[in-house]
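Undergrad: Got a sequence here, can you build the structure:
(one chain, ligands or ions: 1)
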Amino acid sequence: MPIPLNCPICGVPSTLKCGGCRNVVYCGKEHQKLHWRKEHKVLCKCFEIDTDPKLGRYVRSTRDIKKGEVVMREIPALIAPKLMTYPICLGCHQKLTVKPGERDYYKCSQCTWPLCSLACENSKYHKPECEVMAKRKFNCNINYDAKNGPKKESAYCVISPLRCLLLRNSNPKLYEKILKLEDHLDKRINTPVYAILKSNLLTFVRKILGLDELSEEEILRVASILDTNAFEVRIPSKDLKVRGLFLDTAMVSHDCVPNTRHVFDNNCQIVVMATVDIPKGSVISTSYTNTLKSTLPRREHLLQSKCFECTCRRCADPTELETYAGAIMCSKCKIGKILSEDPLDASADWKCQLCPHKIKVKQIVWGNNALEKELQSLDKTSPKAYEEFLRRYRDTLYDKHSLVLETKYALIQLYGNVPGFLLHELNDAAVQRKLDLCHDMLEIADIFEPGSSRFRGMLLLDLQEIMAVQAKREFENGLLTREGTQEKLMDAMKILNEAVEILQVEPEMQATLQDRVTRMAKEIDLN
Ligand SMILES: C[S@@+](CC[C@H](N)C(=O)[O-])C[C@H]1O[C@@H](n2cnc3c(N)ncnc32)[C@H](O)[C@@H]1O
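TA: Predicted structure coming up:
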């Protein structure tokens, strides 16, 4: 919902935002108080945290929430590098570069970790860990590799747990709140990842840094809390990708058809928005996984990364809400689709809807993995290999199988954007192909991420662009009258308006949207 610019009491243009919902502005404290008593008290915060035997703590709407409305806005309790990351500065978290004439990154004069400059040595993020590491004369061995270029470094995996553990003394109240988050350590402790973590992290914290007042259990619990609750914070305009912990937002549960999405502002604040109308009393949800994947890999990913078995409406339905996103075509009768006999049981057999043909789930998993691998290895510089992939598996994969969807999505990005297939180079068939692909994917987006999801917004933007290209070509080739073309361009404009409404909250999309609107306004004139 766009933020109203006038005070609701006196109508004067104002900038003082309500700190709770930040959806209303006031001319001053007086009118804010008045409005609170009048109606805002019931309208302001729109959620509460409750518990459920299946979800644990979860967020529920306390009133009807409108599509596009901000549900919550929160500053991070903790920001730190991701577990594996290209070298970044521990002060400002920007990607590191080497200054001209220098042979290595700038290194912190106290603890030797690479930083972007002297200024970041005293950053509030870096200072506490720096003091501990410097005291123990820790030596970090991340160096610039001029020959091979920067690579992802696993050494960063100790920083987020360390930052959290240091809060124990520096901010005990916050640390206590963090310790109340779900950890799932019992499920993680015997996994191969935690076997490595046990030797790396425990040695680093207790032996190398000498923090032996921290028990092994507490250190691993903190790591496990971060794995269960942290978000990937992406700020494309700053080229920033870090880990962030948000105490309230961490309570939002998962659904494979989520009803919210989130963006981050330039201060790493998370803003959670409703993507559809959410009735009072509903579970407010986000997706912890890729909604384009089919149930088998989606549930497996949730089990591995978040330690729970999803039983949402989409997971429980073998047809995945009539999309058949996991279905393969029956090799025996050739017309039936093969689906899981019980999608909530990862070991259940798969069976044809129309004939008795059955397949073991192992075979389905093996096939999915092999095709996924093949898809990843395709030449990404042209649509050719992707079109060939679709042709090759046309008789095996159902038309809306998740691998087909992934391929189609990749094709949308390739047509119009890679040399040889730039918009002006596309022939009429390729223009129509991109248009059809956009419609196919929007049909899926309407089911898996309905409303004002980023996915739908991006697809609408692709659709608008190719619609405009087609309309202008048809006009130039005498296939459409001026009026007919303008009508088609108006349709594209409507699509663009919807895309703008959805994407305007994404800081990095501002320039693209502005450019599209300006271009479209000019194009509608047909001069
Ligand atoms: C980020 S936390 C959410 C808050 C958590 N429920 C709590 O009480 O602290 C993620 C954990 O919540 C639970 N959870 C979230 N969504 C779920 C769902 N759809 N079904 C079952 N458990 C879910 C799982 O235990 C998951 O690991």
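Undergrad: Please verify my assumption that residue 368 contacts residue 397.
TA: No. With contacts counted by Cβ atoms under 8 Å, residue 368 stays clear of residue 397, the gap being 9.7 Å. Quick note: C-beta positions are derived from backbone N, CA and C, even for glycine.
Undergrad: For the chain, what lies in contact range of the ligand?
TA: With the criterion set to Cβ under 6 Å from any ligand atom, the chain comes near the ligand through 54-58, 181-182, 184, 228-229, 250-251, 253-255, 306-308, 310, 312.
Undergrad: Whichever of those residues end up buried, select them in ChimeraX.
TA: Once 16 or more other Cβ atoms under 10 Å is used to decide burial, the buried members of the residues of the chain next to the ligand can be selected in ChimeraX as follows:
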select :55,58,181,182,228,229,250,251,253,254,255,306,307,308,310,312
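Undergrad: So which of the residues of the chain next to the ligand are in helices?
TA: Cross-referencing the residues of the chain next to the ligand with the helices (criterion: DSSP state H) gives 228-229, 306 as the overlap.
Undergrad: Okay, the residue nearest to residue 405 when sequence neighbours are not counted and residue 148: tell me how far apart.
TA: With Cβ to Cβ, 6 or more residues apart in numbering as the measure, residue 292 is the residue that lies nearest to residue 405, at 5.5 Å, once sequence neighbours are left out. Between residue 292 and residue 148 the computed distance is 33 Å (Cβ to Cβ, to the nearest Å).
Undergrad: out of these two, which sits in the more crowded spot?
TA: Between residue 292 and residue 148, residue 292 has the larger neighbour count (other Cβ atoms under 10 Å), namely 19 against 6.
Undergrad: Hmm, residue 408 and the more buried one touching each other?
TA: No. Checked against Cβ under 8 Å, the pair residue 292 and residue 408 is beyond contact range at 10.0 Å.
Undergrad: thinking again about what came up before, which among the ones in helices among the residues of the chain next to the ligand gets closest to residue 196?
TA: residue 228 (17.8 Å; Cβ to Cβ).
Undergrad: Quick one, grab the pLDDT at that closest one.
TA: The confidence metric pLDDT takes the value 98 at residue 228.
Undergrad: let's have the chain start at 34 instead
TA: With 34 as the first residue, the last one maps to residue 261.
Undergrad: wait, isn't it in contact with residue 219?
TA: No. Using Cβ under 8 Å as the test, residue 261 is too far from residue 219 to be in contact (11.9 Å).
Undergrad: heading toward the C-terminus, what's the first helix or strand past the lowest-mean-pLDDT helix or strand in the chain?
TA: For the chain, the helix or strand with the lowest mean confidence is helix 74-76, at a mean of 72 (criterion: mean pLDDT, DSSP states H and E). If you walk from helix 74-76 toward the C-terminus, the next helix or strand you reach (DSSP states H and E) is strand 80-85.
Undergrad: List the strands paired with that following strand, with their directions.
TA: As defined by DSSP bridges, the strand partners of strand 80-85 come to strand 89-94 (antiparallel).
Undergrad: Run the chain-centre distance for the partner strand.
TA: 20 Å (Cα atoms, centre = their mean, to the nearest Å).
Undergrad: Give me the residues contacting that strand.
TA: Contacting residues not belonging to strand 89-94 are listed as 79-85, 104-105, 215, 281, 284-286, 311-317 [Cβ atoms under 8 Å, 6 or more residues apart in numbering].
Undergrad: name the helices or strands packed onto the following helix or strand past it?
TA: The element immediately downstream of strand 89-94 (helix or strand, assigned by DSSP H and E) is strand 103-107. The helices and strands touching strand 103-107, judged by 3 or more Cβ pairs under 8 Å, 6 or more residues apart in numbering; DSSP states H and E, are strand 89-94, strand 303-307.
Undergrad: neighbouring contacts of strand 103-107?
TA: Residues external to strand 103-107 that are found in contact with it (Cβ under 8 Å, 6+ apart): 34, 54-56, 79-80, 92, 94, 98, 279-282, 293, 302-307, 311, 317.
Undergrad: Mark which of those are buried, thanks.
TA: 54, 56, 79-80, 92, 94, 98, 279-282, 293, 303-307, 311, 317.
Undergrad: Only the buried residues of stretch 235-247, if you could.
TA: Along stretch 235-247, these residues count as buried under the neighbour rule (16+ other Cβ under 10 Å): 235, 237-239, 242, 244, 247.
Undergrad: before we move on, what SS does residue 518 have?
TA: helix (DSSP: H, G, I helix; E, B strand; the rest coil).
Undergrad: Could I get the full set of strands for the stretch 384-533 of the chain?
TA: Listed from the start of the chain, the stretch 384-533 of the chain has strands (DSSP state E, counting those that start in this stretch) covering 391-392.
Undergrad: And the stretch 134-283 of the chain, by the same measure?
TA: With DSSP E, counting those that start in this stretch as the criterion, the stretch 134-283 of the chain has strands spanning 139-140, 147-148, 264-268, 273-278.
Undergrad: most packed of these?
TA: Per residue and on average, the most neighbours among the strands of the stretch 134-283 of the chain fall to strand 147-148, with a mean of 24 (mean count of other Cβ atoms under 10 Å).
Undergrad: Show me what that strand pairs with in its sheet, parallel or antiparallel.
TA: Strand 147-148 has these partner strands in its sheet, going by DSSP bridges: strand 139-140 (antiparallel).
Undergrad: which one is the one residue in the stretch 384-533 of the chain that gets nearest to the ligand nearest to, not counting chain neighbours?
TA: Of all residues in the stretch 384-533 of the chain, the one sitting closest to the ligand is residue 481 (15.3 Å; Cβ to the nearest ligand atom). Spatial nearest neighbour of residue 481, excluding adjacent residues (Cβ to Cβ, 6+ apart): residue 324 at 4.5 Å.
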